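S.K.: build me a model:
(4 chains)
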Number of protein chains: 2
Amino acid sequence: MGLAKTEMFTDAQNEIALFAKVFGHPARVAILQQLFKIEGCYCGDLVNEIGLAQPTISQHLKELKHLGLIKGNVEGTSVCYCINTENWSKMKVAMLQFLNQDVSQNKDCC
Amino acid sequence: MGLAKTEMFTDAQNEIALFAKVFGHPARVAILQQLFKIEGCYCGDLVNEIGLAQPTISQHLKELKHLGLIKGNVEGTSVCYCINTENWSKMKVAMLQFLNQDVSQNKDCC
DNA sequence: ATTATTAATCGTAATATTGCAATAATATAA
DNA sequence: TTATATTATTGCAATATTACGATTAATAAT
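M.R.: So this is what the prediction gives:
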């Protein structure tokens, strides 16, 4: 199969999984960290910084953009990428709610 | 390939990616939510609750256990699963640090 | 116009993931 | 001991992911 049965789960569960999935590769983690750190965030800079091939970085950027976590602006032959702060905040709401769950009663049931 | 070049990234980046990856499937999200919600957390209960086949649930539980986020205790023929609260907290430290990043200066560089 | 720069896309190989039927393993009950 | 209940493991098919070379597209510089 290789394909998740998303119809069996709630929208909230699928949303969390989608966001988590995109964070599930260290290259995308590194890209996002770099975008938070650097103001000038050209694609080529990320290729140099991270060390994967240009098409590979481009592909990871596409996934991040597709989820709305970053945006890219064409500047001549370059493309400037940066965090989509509004959507990042929205993502955080969902993820934090999941991560901040607490065991209701007895700490260790088993 | 299909295989991440982990050696190019920091331990912290790889750790975040590993945790995120395990949250990247709605079934594992659902399992964890159920374990937070219910005290008696038998494997069979999860099969009924979630609706995937028993081997599939068992496999997802294995991954969660392998990362240390849950623990399982044998009780007769059943196995009681629950959140490993200590490790969950440790995971949260790493994930929150990543999620709480803030853009340093100008909100939208592009 | 030609050439250089930069990034996206295509095609493909290698590997990983998901899901389940069949089976095995383990412990309890009769 | 034999049957029953519960979970783990194995094997396999379908699909997804990762990575990159080759190419294309688009703009800028000469």
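S.K.: show me where pLDDT drops low in chain A?
M.R.: Low-confidence segments of chain A, defined by pLDDT under 70: A:40, A:104-110.
S.K.: where exactly do the strands run in it?
M.R.: A:70-75, A:78-83 (DSSP state E).
S.K.: residues contacting the nearest residue to A:Asp102 once chain neighbours are set aside?
M.R.: Leaving aside its chain neighbours, A:Asp102 sits nearest to B:Phe36 (7.1 Å; criterion: C-beta to C-beta, 6 or more residues apart in numbering or on different chains). (Each C-beta comes from the backbone N, C-alpha and C, glycine too.) Going by C-beta atoms under 8 Å, 6 or more residues apart in numbering or on different chains, B:Phe36 touches A:101-104, B:83.
S.K.: any idea how far B:Phe36 is from A:Gln97?
M.R.: Going from B:Phe36 to A:Gln97 by C-beta to C-beta, to the nearest Å gives 12 Å.
S.K.: rewinding a little: out of the strands of chain A, which is closest to DNA strand D?
M.R.: Judged by C-beta to the nearest atom of the strand, the one of those that comes nearest to DNA strand D is strand A:70-75, at 6.7 Å.
S.K.: what is that closest one packed up against?
M.R.: For strand A:70-75, the contact count by 3 or more C-beta pairs under 8 Å, 6 or more residues apart in numbering or on different chains; DSSP states H and E identifies helix A:26-37, helix A:54-66, strand A:78-83 as packing neighbours.
S.K.: strand partners of that strand, parallel vs antiparallel please.
M.R.: Here strand A:70-75 has these sheet partners by DSSP bridges: strand A:78-83 (antiparallel).
S.K.: need the residues of chain A near DNA strand C, please.
M.R.: For chain A, the contact set with DNA strand C under C-beta under 7 Å from any atom of the strand comprises A:1-5, A:42-44, A:47, A:54-55, A:58-59, A:61-62, A:72, A:77-79.
S.K.: try 6 Å
M.R.: A:1-2, A:4-5, A:42-44, A:54-55, A:58-59, A:61-62, A:72, A:77-79 (C-beta under 6 Å from any atom of the strand).
S.K.: just the buried ones from those?
M.R.: Buried subset of the residues of chain A next to DNA strand C (neighbour count, 16 or more other C-beta atoms under 10 Å in any protein chain shown): A:4, A:42-43, A:61, A:72, A:79.
S.K.: okay, now A:Val74: neighbour count?
M.R.: A count of neighbours around A:Val74, defined by other C-beta atoms under 10 Å in any protein chain shown, yields 9.
S.K.: check the one 10 residues further on too.
M.R.: Counted with other C-beta under 10 Å, the burial measure for A:Asn84 works out to 20 neighbours.
S.K.: so how far is B:Phe36 from A:Gln13?
M.R.: 13 Å.
S.K.: show residues contacting the helix ranked longest in chain A.
M.R.: Determined from DSSP state H, the single longest helix within chain A is helix A:85-99. By C-beta under 8 Å, 6+ apart, the surrounding residues in contact with helix A:85-99 are A:12, A:15-16, A:19-20, A:67-69, B:23, B:29, B:32-33, B:91-92, B:95-96, B:99-100, B:103, B:107-108.
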